[in-house]
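In: Turn this into a model:
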Amino acid sequence: MKRCLAAAALSLALGAAAAAEGMEPHYRELLERLVNINTETRNLAGLAQVRQLLIPQFESLGLVLTRHRLAQDGREVLSFEMPGAKPKVMLVGHLDTVFPVTGGFQKLEDQGNRLVGPGVIDMKGGVVLLLNVLEQLKKQGGLDQVRVVLNDDEEIGSPNSKAVIRNLAQGLPFGLVFEPGLEDGSVVSSQSGVRWIKLTTTGKAAHAGLEPEKGIDACLDLAIKVKKVSALAQSGKGLTINPGLIAGGSKPNVVCEDASVTFDIRFRSLADWQDVSHAIHHISAVSDVYNPLLQQGAHTEMTQLAEMPLLPTASTAELLERIQISARSLGQTVRARAVGYGSDGNNLAETGMQLLVGVGPYGGGMHSDQEFMLLSSYQERLSLLTLLITQLSYSQKGTS
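Out: Okay, here's the model as predicted:
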């Protein structure tokens, strides 16, 4: 029985590869239309436009849409599955990107085997690939095994949508996250945990020339704390700390009254995060700028803005083995490695499902104005994922 299923799956995958010798015009055009619509996470109008473009594409395959509207105006999660489906595999994507509406990087550019554009791999190319795989599965009647989930706030950690995504994952043994593969085509074996921590310091304003002695400099106090917190990083252990956003003060001739910094902290060990969190609490509790005349120092508050759990290797091991077996049968090689970036794979890590992140097409320059997709990677992933999902549809979690 296993041989028959494997043979059928291999035939299906090879057929998909043959159909994708060049990216089919329909999907190439769809990708361009998606990339040319700005969907920076805060651009709710652009996100709505992309949803309306994509929904008919999924519905044309016979999938039924469910809208999961969130409390925030205009935000929603879309899920699709066949009527009466009993899905085993969740296919996860996001529609938002990091590129601002006012930026100069807004359109897709064709450079032969490279398509360059905002979000072309992260992850509009992944969403188009997902659709293309579904079309291949439909030809074999395999759509009743999948559930598709798309959100619109992944680039800021999915704070609004993560509860819905986790709920949609309940009872499903497998999850594939269509984030881009790494530049060499590797998928993700584990992902760092992520926290965004904000320190807000309050001092006292005063005229910087007339009576500076009556002020308490919040900017100076915060600068000292930024140096202390940044020194907690241990890059060799994958513990990184980036003070990516700093603001403070009102005018050069006014002693700074308010200042803030937001840190991006990434870690591969929960114990490391607990140690860092404790240290930041201690740093925040100390006034580094104190005015003896006023007998008062700066005051700092610590706030957590975002959280993404660790995605450990135990959550990816089974699907990694399965995709490598599928790849070998197609003459491909798939490697895997740990990464520091976060995704909805992190947010699904505690559901108990086996996950694989980075199955989308790959290229390079992600989150920069050089972001590109290799067309050859699209072709490889189309055949590989069609085969993998077909095989998962016939298998049980924990078996090969």
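In: Return the distance of the residue nearest to Pro83 when sequence neighbours are not counted relative to Thr39.
Out: In space, and not counting its chain neighbours, Pro83 is closest to Val64: 5.6 Å by C-beta to C-beta, 6 or more residues apart in numbering. Heads up, the C-betas are built off the backbone N, CA and C, glycines and all. From Val64 over to Thr39 the distance is 24 Å, taken as C-beta to C-beta, to the nearest Å.
In: neighbour count winner among these two?
Out: A count of neighbours by other C-beta atoms under 10 Å puts Thr39 above the other of Val64 and Thr39, at 28 against 13.
In: any idea how far the more buried one is from Lys227?
Out: In terms of C-beta to C-beta, Thr39 sits 37 Å off from Lys227.
In: How about Ile325?
Out: Applying C-beta to C-beta to Ile325 and Lys227 gives a distance of 49 Å.
In: quick one, which of those two is more surrounded?
Out: Ile325 (15 against 12).
In: Provide a list of residues in contact with Pro95.
Out: That one is not Pro; residue 95 is Leu. Thr39, Leu47, Val50, Arg51, Leu54, Lys124, Val127, Leu150, Asn151, Asp152 (C-beta atoms under 8 Å, 6 or more residues apart in numbering).
In: so of these, which ones are in strands?
Out: Leu150, Asn151 (DSSP state E).
In: Now stretch 152-169 - C-alpha only, PDB.
Out: C-alpha atoms of stretch 152-169 as PDB (Å, rounded to 0.1, in the frame of the first residue of the first chain):
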ATOM      1  CA  ASP A 152      -2.200  40.300   8.100                       C
ATOM      2  CA  ASP A 153       0.000  41.200  11.100                       C
ATOM      3  CA  GLU A 154       2.800  38.600  11.100                       C
ATOM      4  CA  GLU A 155       5.600  41.200  10.500                       C
ATOM      5  CA  ILE A 156       4.900  42.700  13.900                       C
ATOM      6  CA  GLY A 157       4.600  39.300  15.700                       C
ATOM      7  CA  SER A 158       0.900  38.500  14.900                       C
ATOM      8  CA  PRO A 159      -0.300  40.200  18.200                       C
ATOM      9  CA  ASN A 160      -3.900  40.400  16.900                       C
ATOM     10  CA  SER A 161      -4.100  37.100  15.100                       C
ATOM     11  CA  LYS A 162      -2.100  34.500  17.000                       C
ATOM     12  CA  ALA A 163      -5.000  33.300  19.100                       C
ATOM     13  CA  VAL A 164      -7.100  32.600  16.000                       C
ATOM     14  CA  ILE A 165      -4.200  30.900  14.300                       C
ATOM     15  CA  ARG A 166      -3.600  28.700  17.300                       C
ATOM     16  CA  ASN A 167      -7.300  27.800  17.500                       C
ATOM     17  CA  LEU A 168      -7.300  26.800  13.800                       C
ATOM     18  CA  ALA A 169      -4.400  24.500  14.400                       C
END
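In: now it: mean pLDDT?
Out: For stretch 152-169, the mean pLDDT works out to 95.
In: contacting residues around that stretch?
Out: Against stretch 152-169 from outside (C-beta under 8 Å, 6+ apart): 39, 41, 47, 51, 68, 70-72, 75-77, 79, 90, 92, 94-98, 147, 149, 151, 175, 194, 196, 306-308, 342-344, 347-348, 350-351, 353.
In: confidence score at Gln140?
Out: For Gln140, the predicted pLDDT is 87.
In: Wait, it touches Ile389, no?
Out: No: the criterion here is C-beta atoms under 8 Å, and Gln140 misses it with Ile389 at 10.3 Å.
In: picking that back up, in contact with the residue nearest to Pro83, which residues?
Out: Phe80, Glu81, Met82, Pro83.
In: out of these, which one sits closest to Gln106?
Out: The closest of those to Gln106 turns out to be Phe80 (C-beta to C-beta; 28.0 Å).
In: and the closest one, bridged to which residues?
Out: Leu65, Val148 (DSSP bridges).
In: Count residues in the vicinity of it, would you?
Out: Neighbours around Phe80, by other C-beta under 10 Å: 24.
In: Tell me the pLDDT of it.
Out: For Phe80, pLDDT reads 98.
In: which residues touch Gln106?
Out: Gln106 touches Asn36, Asn38, Phe99, Pro118, counting by C-beta under 8 Å, 6+ apart.
In: Of those, which pair is most distant in space?
Out: That would be Asn36 and Phe99, which, of these, are the farthest apart (C-beta to C-beta) at 11.6 Å.
In: Show me which of the two is the more surrounded one.
Out: Counted by other C-beta under 10 Å, Asn36 and Phe99 do not tie: Phe99 has more neighbours, with 25 against 13.
In: Based on its surroundings, how many neighbours for the residue lying closest to the more buried one once chain neighbours are set aside?
Out: Spatial nearest neighbour of Phe99, excluding adjacent residues (C-beta to C-beta, 6+ apart): Pro118 at 4.0 Å. Look at Pro118: counted by other C-beta under 10 Å, it has 26 neighbours.
In: Perfect, I'm done here.
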